[in-house]
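*Asks:* next one to model:
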Amino acid sequence: MHKQNSSSQNRLSILSRRSLLSLLAGLLIFAGGSSVAQADEWRVATLAPDGSSWMKILSKGAAEVDTNTSGRVKLKYYTGGVQGDEKDVIRKMKMGALDAGAFTSVGLSQIVPSIRVLEIPMLFDSVQEMDYVRRKMWGTFMKRFDKKGYKLLDPGDVGAIHFYSNSPIRTKADLVKAKVWLWGEDALVKTMFKKLGVKGVPMGVPNVLPALNTGKINACYGSALATVALQWYTKIKYATSMTTSYGVSATVINKASWDKMSPEDMTAVKKSMRKHSKELRATVRRDNKRAHKAIVRAGVKVIETPAATQAEFQKIAETVWTDMVGKLYSQKDLDRVLRYRAEYRAKNG
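*Replies:* Below is the predicted model of the structure:
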């Protein structure tokens, strides 16, 4: 592992704590900003550790909702992933053992698979482009979650996704040689890997750091913020400049719990969530930039992706777009995303 000086370690320690706060805030977007209107509490599963700065901020937000609803809306947090991974949380929500959970798009897609159309590889050139398309599509996904018995809240950001590795990745051949993490059996990434000729090593997020440490894997993917928050940066030496996608996240609540609120409390909760979701998305984006700079200061070298490699990835990715039609999303979904992307590009030159 490359050397880090003490000041760099201190900065990263501070940033790591702040990054975890921002990352999870981006994933949750004010998760559990409300509760049932009776004496019951909303049981909200979160990855954030108890006592963290992030939980302190969320507690302030919960206190605001508590005050604005005269104590009728309350929360009970299950922190630090004690309720399990995303699949476990969804299962417990279906059983009624939990009221809400915060998910990446991988978890969200276990309820509504078509939401992954927002994360198909090599789709967007900028986060602003993604914002435009997501804003156009989000209402559709809210309706689809509603039909499944869930309330989908405002979207959150994970950040621009890059490859991180212990050997430079400049070409497809370099990636093929690497032992790359694959998040479980993520159908979208698995298909992209297959098209690239990459044999991913499937495992959950908590297993990535130990696997990097033992050499079971020597490459992974994620946002800069996630790489710092999850400490992956301590086990890698290189990052690709190429963005493969933009991570999407959101909080989902059982409608049975949501609908117990009075109309007045629901209005108060929605107002608070709108305010906090905008603030938290901005925080995630700011801290992704800070995390990238901190990773570089710690010694991770950014490898510029050659134009030829990027073009090759783009061509392969576009075959994935069509291959996933009928598996994750419909042709209509794909057409809408591409149409909205074209609208944004036409308006912004």
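
*Asks:* who does the biggest strand by length in the chain touch, helix- and strand-wise?
*Replies:* Residue-count comparison of every strand in the chain, with assignments taken from DSSP state E, identifies strand 150-165 as the longest. With contacts taken as 3 or more C-beta pairs under 8 Å, 6 or more residues apart in numbering; DSSP states H and E, strand 150-165 sits against helix 6-28, helix 127-147, strand 219-222, helix 224-229, strand 238-240, strand 245-254, helix 255-258, helix 263-297. Backbone N, C-alpha and C define where each C-beta goes, glycine included.

*Asks:* now those in TSV, with distance to Pro168, mean pLDDT and mean neighbour count?
*Replies:* Conversion of those to TSV gives the following (distance: least, C-beta to C-beta, whole Å; pLDDT from 0 to 100; neighbours: other C-beta atoms under 10 Å):
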stretch	distance to Pro168	mean pLDDT	mean neighbour count
helix 6-28	21	49	20
helix 127-147	26	97	16
strand 219-222	11	96	24
helix 224-229	17	87	29
strand 238-240	5	98	21
strand 245-254	21	89	24
helix 255-258	48	90	18
helix 263-297	15	85	18
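
*Asks:* do you know which of those lies nearest Leu98?
*Replies:* Nearest to Leu98 among the helices and strands packed on strand 150-165 is strand 245-254; the distance by C-beta to C-beta comes to 7.9 Å.

*Asks:* which neighbours in the sheet does the closest one have, and how are they oriented?
*Replies:* strand 100-104 (antiparallel), strand 150-165 (antiparallel) (DSSP bridges).

*Asks:* mind putting those into JSON lines with mean pLDDT and mean neighbour count?
*Replies:* As requested, the strands paired with strand 245-254 are exported to JSON lines (pLDDT from 0 to 100; neighbours: other C-beta atoms under 10 Å):
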{"stretch": "strand 100-104", "mean pLDDT": "81", "mean neighbour count": "26"}
{"stretch": "strand 150-165", "mean pLDDT": "92", "mean neighbour count": "24"}
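
*Asks:* export these to CSV and tack on distance to Tyr78?
*Replies:* Output for the strands paired with strand 245-254, formatted as CSV (distance: least, C-beta to C-beta, whole Å):
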stretch, distance to Tyr78
strand 100-104, 9
strand 150-165, 18
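
*Asks:* how about residues contacting the helix or strand harbouring Glu343?
*Replies:* Under DSSP states H and E, the secondary-structure element containing Glu343 is helix 331-348. The set of residues that contact helix 331-348 without belonging to it, under C-beta atoms under 8 Å, 6 or more residues apart in numbering, is 114, 117-118, 120, 123-124, 128-129, 132-133, 136-137, 321-322, 325.

*Asks:* from those, which is closest to Phe193?
*Replies:* Ranking the contacts of helix 331-348 by separation from Phe193, with C-beta to C-beta as the measure, puts Ile120 on top at 13.8 Å.

*Asks:* tell me the spatial nearest neighbour of the closest one, not counting adjacent residues.
*Replies:* Trp321 (5.2 Å; C-beta to C-beta, 6 or more residues apart in numbering).

*Asks:* part of a helix, is that neighbour?
*Replies:* Yes. The assignment for Trp321, made by DSSP: H, G, I helix; E, B strand; the rest coil, places it in a helix.

*Asks:* could you give the bridge partners of the residue nearest to Ser165 when sequence neighbours are not counted?
*Replies:* Beyond its immediate neighbours in the sequence, the residue positioned closest to Ser165 (C-beta to C-beta, 6+ apart) is Ala219, lying 3.8 Å away. Under DSSP bridges, the beta-bridge partners of Ala219 are Ser165, Val180.

*Asks:* now the spatially closest residue to Asn213 that is not a sequence neighbour: phi and psi?
*Replies:* Of all residues not flanking Asn213 in the chain, Lys235 sits nearest, at 5.9 Å (C-beta to C-beta, 6+ apart). As for Lys235, its main-chain torsions (degrees, to the nearest 10) stand at phi -120, psi 10.

*Asks:* do you know how far Lys235 is from Ala291?
*Replies:* 15 Å (C-beta to C-beta, to the nearest Å).

*Asks:* what does Ala63 give?
*Replies:* 28 Å.

*Asks:* check the burial of the residue nearest to Pro306 when sequence neighbours are not counted by counting its neighbours.
*Replies:* If the residues on either side of it in the chain are set aside, Pro306 comes closest to Arg170, at 6.1 Å by C-beta to C-beta, 6+ apart. Other residues near Arg170 come to 17 when the count uses other C-beta atoms under 10 Å.

*Asks:* ok, Arg170 - contacts?
*Replies:* If you count contacts by C-beta under 8 Å, 6+ apart, then Arg170 has Ile303, Thr305, Pro306, Thr309 around it.

*Asks:* could these go into TSV alongside pLDDT, secondary structure and neighbour count?
*Replies:* Converted to TSV, these look like this (pLDDT from 0 to 100; DSSP: H, G, I helix; E, B strand; the rest coil; neighbours: other C-beta atoms under 10 Å):
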residue	pLDDT	secondary structure	neighbour count
Ile303	98	strand	20
Thr305	98	coil	19
Pro306	98	coil	13
Thr309	97	helix	19
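
*Asks:* contacting residues for Leu123?
*Replies:* Under the criterion of C-beta under 8 Å, 6+ apart, the contact list for Leu123 reads Met130, Ser245, Ala317, Trp321, Val337, Arg341.

*Asks:* surely the second one is in contact with Asp125?
*Replies:* No. Taking contacts as C-beta atoms under 8 Å, Ser245 lies outside contact range of Asp125: 11.6 Å.

*Asks:* before we move on, back to that, ok, the residue nearest to Ser165 - contacts?
*Replies:* With C-beta under 8 Å, 6+ apart as the criterion, the residues that contact Ala219 are Phe163, Tyr164, Ser165, Asn166, Ser167, Ile169, Leu175, Ala178, Lys179, Val180, Trp181, Ile236.
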